[in-house]
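Undergrad: Starting from these lines, generate the structure:
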Amino acid sequence: MAALMAVGAYLHIPLGPVPIVLSTLFVLLSGLLLGSRWGGASVGLYLLVGAMGMPVFAGGRGGIAHFFGPTGGYLIGFFLAAWVAGFLSERSRGKLIFEIGAVALGSLAIYAVGVPWLKGVTQMSWSRSFWVGMAPFLLGDALKAFAALMLARSIRPMLGRASEGKGSVPLAGSGGNPNDRDS
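TA: Numbering: from 1, shown residues only. Reported below is the predicted structural model:
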C-alpha cells in the first residue's frame, strides 16, 4: 500500500499551497483493507521513505523538510486517517453505513492536522486556512473516499478467497477484527 501512496503522489493537480493528489485514496484504502495497525504501519513506511529523501511525496518530492512546510500537517494527518479508517472499519462488520463513516472521519482526520499546521506555518487566518487548505479539496476528497470504499468492498472478497485456509488474519471490515486473534 505504501507503494500505491507513492504512485498516487505523482498523480496530482497543483492548486494553491496544497496539491490535490491520489495518495489520500490509497491512505484510506490501506486503513479499510489492512486495519488500524497495518494500515497505519503502511502509511508510516510511506512517510519514513519520504522523510529519508525518496521522491514519494506530491510532485515527486521527498525529504524531511516537507514535514516542516505547509503540507507537513497533511502528511502527518495521513497516518491518523489510515488509523481512524482502519479502526472504524475493523468494527464495521462490513456494514456500509459504518464504512462510510470510516472514510469520512478518516478524511476529516487529514484536515484536522493539516489545516492548523497550514495556518501555523503560513501565519494565515483560520478563515483563510480553511478556504485555501480545505474547501477546494472537499469534493475531490469525497470522491476519493467513495472510490476507496468501493475498491475496498470489491477487493476484500477476492483477498478473502485467496487467503482461505492459510491461517490468515481477517481483513478489516470483513466481519472480523484483524487485531483480535488467538496467539
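
Undergrad: Could you use CA atoms for every contact and neighbour count after this?
TA: Noted.

Undergrad: so Y46 makes contact with L4?
TA: No - between Y46 and L4 there is no contact under Cα atoms under 8 Å: 9.3 Å.

Undergrad: Same drill for these two, tell me which one is more crowded.
TA: Between Y46 and L4, counted using other Cα atoms under 10 Å, the more crowded position is Y46 (24 against 17).

Undergrad: what's the distance between the more buried one and G63?
TA: Relative to G63, Y46 is positioned 12 Å away (Cα to Cα, to the nearest Å).

Undergrad: Show me where the chain has its strands.
TA: Shown for the chain, the strands assigned by DSSP state E span residues 12-13, 20-21.

Undergrad: ok, the residue most central in space within the chain - contacts?
TA: The centroid of the chain falls nearest to V27 when counting by Cα atoms, centre = their mean (2.4 Å). V27 is in contact with M1, M5, G39, V43, F78, F79, A81, A82, counting by Cα atoms under 8 Å, 6 or more residues apart in numbering.

Undergrad: same deal with F57?
TA: Contacts for F57 (Cα under 8 Å, 6+ apart) come out as A6, A9, Y10, G50.

Undergrad: Give me the distance between the last one and A6.
TA: Using Cα to Cα, we find G50 at a distance of 9 Å from A6.

Undergrad: Give the residues shared as contacts by the two.
TA: Among the neighbours of G50, those also in contact with A6 (Cα under 8 Å, 6+ apart) are V56, F57.

Undergrad: Now for the residue nearest to L28 when sequence neighbours are not counted, how many residues are close by?
TA: Distances taken as Cα to Cα, 6 or more residues apart in numbering place A82 nearest to L28, at 5.4 Å, with adjacent residues excluded. For A82, the count of nearby residues is 37 (other Cα under 10 Å).

Undergrad: ditto for the one 4 residues further on
TA: Other residues within reach of G86, judged by other Cα under 10 Å, total 35.

Undergrad: And W83, by the same measure?
TA: W83 has 29 neighbours, counted by other Cα under 10 Å.

Undergrad: Which of the contacts of V27 fall in helices?
TA: Secondary structure from DSSP state H places M5, G39, V43, F78, F79, A81, A82 of the contacts of V27 in helices.

Undergrad: just to revisit the earlier point, of the contacts of V27, which pair is most distant in space?
TA: Taking Cα to Cα, the two most distant members of the contacts of V27 are M1 and A81; they sit 14.0 Å apart.
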